[in-house]
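# dropping the sequence and predicted coords here.
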Amino acid sequence: MKLSGKKLKALAQAELVLPRPGEDAGIRLVVQAFPLGAEEEAERLFPSPVPPVKFAQGKRGKVLRDPATKEVVKVRDLEDPDFRAASRLANRRQMMFLITEGLKADPALEWETPTADREKDAGAWADNVFAECSAAGLSTGDLGMILDKIRELGNLTGQAVDDAVEDFLSEGSAV
């Protein structure tokens, strides 16, 4: 693509410094915006779970029925512990994928987890990347800073992105 005869450059990039107490330089990373389609690829690799369905209950615990059809009313059970655990895991795996996409621009950064493993077993790959980040001493706040910078570079705004980042950061896992 060209604009005024000049070829448009690659994705926006910037340096990000993760501060470390007592270290002058901190951890310096080159971060880039997500490429188009990265979010869809994350969802393809790590599909969001579907909540189970339960019967709606009234104040006294009685099963509710639709007044018009007399059918039992069903609702999604967003509080189901298995669903919540599966959601947290899918969110974490999606975010690990997106973080690796955003850090592709850094020529000095080397992942020990091979990218080729992603197509073989995406879940194991993302879990290994997560473990690698943890072993490197990255915190949940560090990952949040990386995601914030990626979003800023990609001009990403909107409730869906905010919700995804909030879900990831609120899961309470120590990285």
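Sure, I can see it.
# just the buried residues of stretch 108-122, please?
The neighbour-count check on stretch 108-122 (16 or more other CB atoms under 10 Å) flags Thr113, Arg118, Ala122 as buried. Backbone N, C-alpha and C define where each C-beta goes, glycine included.
# stretch 7-25 now?
Those would be Leu11, Gln13, Leu16, Leu18, for stretch 7-25 by 16+ other CB under 10 Å.
# test for you: state the pLDDT assigned to the nearest residue to Asp80 once chain neighbours are set aside.
Once flanking residues are discounted, Asp80 sits nearest to Pro52: 5.2 Å by CB to CB, 6 or more residues apart in numbering. Note for Pro52: predicted pLDDT of 92.
# got the contact list for Pro52?
Neighbour list for Pro52: Arg76, Asp77, Asp80, Asp82, Phe83 [criterion: CB atoms under 8 Å, 6 or more residues apart in numbering].
# list the residues that contact the last one.
Phe83 makes contact with Pro49, Pro51, Pro52, Asp77 under the criterion CB under 8 Å, 6+ apart.
# next, count neighbours for Glu132.
A count of neighbours around Glu132, defined by other CB atoms under 10 Å, yields 15.
# tell me the buried residues in the helix or strand containing it?
In this structure, Glu132 sits in helix 122-135 according to DSSP states H and E. Judged by neighbour count (16+ other CB under 10 Å), helix 122-135 contains these buried residues: Ala122, Trp125, Ala126, Asp127, Asn128, Val129, Phe130, Cys133.
# separation between the fifth one and Lys74?
Asn128 sits 38 Å away from Lys74, taking CB to CB, to the nearest Å as the criterion.
# secondary structure element for Arg20?
Using DSSP H and E, Arg20 sits within no helix or strand.
# for it, what are its contacts?
By CB under 8 Å, 6+ apart, the neighbours of Arg20 are Gly26, Ile27.
# could you measure from it over to Ala105?
As defined by CB to CB, Arg20 lies at a distance of 21 Å from Ala105.
# tell me the pLDDT of Glu171.
Glu171 carries a pLDDT value of 52.
# Throw the buried residues of helix 122-135 into JSON lines and include pLDDT and distance to Phe34, thanks.
Formatted as JSON lines, the buried residues of helix 122-135 follow (pLDDT from 0 to 100; distance: CB to CB, whole Å):
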{"residue": "Ala122", "pLDDT": "93", "distance to Phe34": "17"}
{"residue": "Trp125", "pLDDT": "95", "distance to Phe34": "18"}
{"residue": "Ala126", "pLDDT": "96", "distance to Phe34": "16"}
{"residue": "Asp127", "pLDDT": "96", "distance to Phe34": "21"}
{"residue": "Asn128", "pLDDT": "95", "distance to Phe34": "21"}
{"residue": "Val129", "pLDDT": "96", "distance to Phe34": "16"}
{"residue": "Phe130", "pLDDT": "97", "distance to Phe34": "18"}
{"residue": "Cys133", "pLDDT": "96", "distance to Phe34": "18"}
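# many thanks, I have nothing further to ask.
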